[in-house]
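1. Next input, structure requested:
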Amino acid sequence: MSEIPFTIDQLRILLAIATEGSFKRAADSLYVSQPAVSLQIQNLEKQLDVPLFDRGGRKAQLTEAGKLLLTYGEKIISLCQETCSAIEDLQNLQGGTLSVGASQTTGTYLLPRMIGLFRQKYPRVGVQLQVHSTRRTSWAVANGQVDLAIVGGEVPPELQDILTIIPYCEDELALILPPNHPLASGGKIHKEDLYDLHFIALDSQSTIRKVIDQVLSRYDINTKRLKIEMELNSIEAIKNAVQSGLGVAFVSVTAIEKELGMHLLYSPGIEGVEVKRILSVIISTQRYRSKAAEAFMEEILPQFASKPENLDFGRFYPQPRDFGTIASDLADSDDLGEIE
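-> Down below sits the predicted model:
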């Protein structure tokens, strides 16, 4: 059979007849006429080329073929009902999945708090968090692999006309010292003091390292004079190294809240210097956005935004536009492990 020779309505009629025991009672239960029920069964038998009822007796008796179709028909109708319930649950946020992307630092320290709040409100919605470099995360949004993302780096130029990039919040990059450091006695330090410190830093190609160098240069600080004693490939490793007295470092404030509260690290201000970067939300207005994604954007993101009153996601609902399939070979990217 090249085409399915029955409809859902025909299966529902077959099930009603088997349940009620007669064509007339089945018609009454379905609020249709008895001739309409009979016609549908006749058409079904023609389409299947097999009799479904033994018409010799007074009661509607199923043939072997009728019983077989009824068995599968019950399963098909049950799956249809389950499908409708699942779709309704999605609309009411009683099911479904939310997929969020993030660059490294944001995904490690900020997104878990956001997801925790979302799960408290919508416990039946599954949440997936994908943490990669800004480049890889941007491609994931463009390709529809994640619903939205928060990144700290620059979105690839080839995607900037495809994705919507929304400035979201400021991320302060604070100087951290071990608690027993001579400059940890209190008060701000002078920017000239930076030249006497021994720094632990990320690789020079990392996004955070580039941001730090750019900001410090704007404050007339010669980054080439800074003493980089050690380069590590993770924020956690850097924090542990600073706690152990191996040097000082710049890290995101979101990554050190616990350590500052427990006095494991000390963060002095730098007089006249603020090292900050802008985190951005990236979405695709060309792709379908689930109810879960809309709820996350409208109810959770404003709680962490620098200026929530300016965060109007209603302007960025998906638009019906076919722009083709975006293809990229992420395996060839040389910055997939970039720390941000």
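2. from here on, contacts and neighbour counts on C-alpha atoms
-> Fine.
3. quick one: residue 66 and residue 73, what's the gap?
-> With distances taken as C-alpha to C-alpha, to the nearest Å, residue 66 is found 10 Å from residue 73.
4. Return the set of buried residues in the lengthiest helix in the chain.
-> Using DSSP state H, we find that the single longest helix of the chain is helix 64-91. Using 16 or more other C-alpha atoms under 10 Å as the test for burial, helix 64-91 gives 66-67, 69-70, 73, 77, 90.
5. where do the helices sit along the stretch 151-300 of the chain?
-> Under the criterion DSSP state H, counting those that start in this stretch, the stretch 151-300 of the chain contains helices at 207-218, 235-243, 257-261, 291-295.
6. Can you list the helices and strands that the first one packs against?
-> Contact here means 3 or more C-alpha pairs under 8 Å, 6 or more residues apart in numbering; DSSP states H and E; on that basis helix 207-218 packs against no helix or strand.
7. How many residues are close by the closest residue to residue 86 other than its chain neighbours?
-> Leaving out its chain neighbours, the residue that sits closest to residue 86 by C-alpha to C-alpha, 6 or more residues apart in numbering is residue 95, at 7.2 Å. Residue 95 is flanked by 19 other residues according to other C-alpha atoms under 10 Å.
8. ditto for the one 5 residues further on
-> Other residues within reach of residue 100 by the criterion other C-alpha under 10 Å amount to 24.
9. Now the helix or strand that contains it - C-alpha only, CSV.
-> Per DSSP states H and E: residue 100 is located in strand 97-102. What follows is strand 97-102, C-alpha atoms only, in CSV (Å, rounded to 0.1, in the frame of the first residue of the first chain):
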residue,chain,number,x,y,z
THR,A,97,12.6,21.7,26.1
LEU,A,98,14.5,25.0,26.3
SER,A,99,18.0,25.1,24.8
VAL,A,100,20.3,27.9,25.8
GLY,A,101,23.8,28.7,24.6
ALA,A,102,26.6,30.6,26.3
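10. what is the orientation angle of that strand with helix 64-91?
-> 40 degrees (axes from the mean of the first three to the mean of the last three C-alpha atoms, to 10 degrees).
11. average pLDDT for the helix or strand that strand 97-102 is followed by?
-> Next helix or strand after strand 97-102 toward the C-terminus (DSSP H and E): helix 104-109. Average pLDDT, helix 104-109: 91.
12. Now find how far off-centre the next helix or strand after helix 104-109 is within its chain.
-> Counting by DSSP H and E, the next helix or strand C-terminal to helix 104-109 is helix 111-121. How far helix 111-121 lies from its chain's middle: 12 Å, per C-alpha atoms, centre = their mean, to the nearest Å.
13. and if you look at stretch 4-13?
-> 39 Å.
14. same deal with stretch 90-109?
-> That offset, for stretch 90-109, works out to 3 Å (C-alpha atoms, centre = their mean).
15. Between the two ends of that stretch, how far is it?
-> Stretch 90-109: ends 28 Å apart by C-alpha to C-alpha.
16. again, but for stretch 118-129
-> Terminal residues of stretch 118-129 lie 13 Å apart, using C-alpha to C-alpha.
17. swap in stretch 249-262?
-> Note: stretch 249-262 ends 18 Å apart using C-alpha to C-alpha.
18. Please report the residue range of the longest strand in the chain.
-> strand 164-176 (DSSP state E).
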